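In: I'll drop the sequence and a predicted model, then ask my questions.
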Amino acid sequence: MKTTGLLGGSFNPAHGAHRSISLFAMEELALDELWWLVSPGNPLKQDASDMAPLGARLASAQKMARRSAIRPTAIERELGTRYTYDTLRALVRRYPKRQFVWIMGSDNLAQFHRWKDWRKIARLLPIAVIARHGYDDDAFAAPAMAWFQRSVRPANQRMNWTNWSTPALTFLRYRPDPRSATAIRMARPHWHKQYADRCVRDAVTRKLVCQTD
Ligand SMILES: Nc1ncnc2c1ncn2[C@@H]1O[C@H](COP(=O)(O)OP(=O)(O)OP(=O)(O)O)[C@@H](O)[C@H]1O
Ligand SMILES: O=C(O)c1ccc[n+]([C@@H]2O[C@H](COP(=O)([O-])O)[C@@H](O)[C@H]2O)c1
């Protein structure tokens, strides 16, 4: 079984914190690979006006993941899924020889209760949450946390996550990294122009994804 972390996101664009939290999670959970699921569109983000094309976001992820075991993929486009539960069900079916863990920053835990079928997600895969500057208090007070209360696994059991029964939630105590895609977009609203007319190969599906996609 290959142990594989899944970090879903807009990656609009990918940045240094995505890389550093991923390398940290790989170390803490002894992962063979970590896939970045570059989303065709977050179902909770109605305003897509500043969302760069999927191809440009995947290209930025590929650049940020260079020389690591991070695999950026736009596989949700191929699967035709947008909601995380649908994606995870499809991945578990498609890759029976992999053992997956869902990874997210604490900002996502704070609104996890708004995700479609969030309890089913938690029953499908263990979840690792990474501390994020300014969001940890909201995450601990989040409606989903009340439900998870009895499912929180202590840090010293972390290496054993492949044997956990679900739901299981663990907190990875990472020195909070303040970097965000929002800050990059504010400083460089045209960041995606550098990827114009380029295609990149999806690290998981091996298909070409182009800047205009
Ligand atoms: N600095 C960070 N610390 C911890 N987790 C992070 C950090 N940046 C991103 N993440 C996590 O990475 C995943 C993908 O994040 P995303 O692509 O939305 O980047 P973002 O910086 O949060 O973007 P935006 O600012 O546009 O909301 C999410 O689970 C998010 O919580
Ligand atoms: O499935 C849902 O209902 C759902 C709602 C909001 C966000 N998500 C997923 O959460 C991940 C983080 O999204 P984002 O846009 O905050 O980077 C990404 O994989 C989204 O598809 C999923």
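Out: Great, that's in hand. Ligands and ions are numbered 1, 2, ... in the order given.
In: ends of stretch 56-72, how far apart?
Out: 12 Å (C-alpha to C-alpha, to the nearest Å).
In: Averaged pLDDT, that stretch. What do you get?
Out: Stretch 56-72 shows a mean pLDDT of 97.
In: so how far is that stretch off the chain centroid?
Out: 13 Å (C-alpha atoms, centre = their mean, to the nearest Å).
In: Next: stretch 132-142.
Out: The answer for stretch 132-142 is 17 Å, by C-alpha atoms, centre = their mean.
In: Let the chain start at 226 from now.
Out: Got it, the first residue is 226 from now on, which makes the last one we talked about stretch 357-367.
In: Can you get me the start-to-end distance on stretch 385-397?
Out: 14 Å.
In: actually stretch 331-347, not the one I wrote
Out: First-to-last residue span, stretch 331-347, C-alpha to C-alpha: 15 Å.
In: List the buried residues of that stretch.
Out: S331, D332, N333, L334, A335, Q336, F337, W340, W343, I346, A347 (16 or more other C-beta atoms under 10 Å). All C-beta atoms are positioned from the backbone trio N, CA, C, and that covers glycine.
In: now stretch 380-389
Out: Result for stretch 380-389 [16+ other C-beta under 10 Å]: buried residues R383, W386, W389.
In: May I see those residues organised as a markdown table, with pLDDT, distance to ligand 2 and secondary structure added?
Out: A markdown table is the format used below for those (pLDDT from 0 to 100; distance: C-beta to the nearest ligand atom, whole Å; DSSP: H, G, I helix; E, B strand; the rest coil):
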| residue | pLDDT | distance to ligand 2 | secondary structure |
| --- | --- | --- | --- |
| R383 | 91 | 22 | helix |
| W386 | 97 | 20 | helix |
| W389 | 97 | 21 | coil |
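In: Show me which of the residues you listed is closest to P401.
Out: Using C-beta to C-beta, R383 comes nearest to P401 of the buried residues of stretch 380-389, at 18.7 Å.
In: Surely that closest one and E253 touch.
Out: Yes. Assessed by C-beta atoms under 8 Å, R383 is found in contact with E253 at 5.9 Å.
In: list the residues that contact both of the two?
Out: L397 (C-beta atoms under 8 Å, 6 or more residues apart in numbering).
In: Quick check: the two most widely separated of the buried residues of stretch 331-347?
Out: Checking the buried residues of stretch 331-347 with C-beta to C-beta, the most distant pair is D332 and A347, at 17.4 Å.
In: give me the low-pLDDT residue ranges for this protein?
Out: 271, 438 (pLDDT under 70).
In: for it, longest helix please?
Out: helix 241-253 (DSSP state H).
In: helices or strands up against the helix or strand hosting E301?
Out: Using DSSP states H and E, E301 sits in helix 300-304. Packing partners of helix 300-304 (3 or more C-beta pairs under 8 Å, 6 or more residues apart in numbering; DSSP states H and E): strand 258-263, helix 309-319.
In: Quick one: closest of the ones you listed to F236.
Out: strand 258-263 (4.8 Å).
In: Alright, I will stop here.
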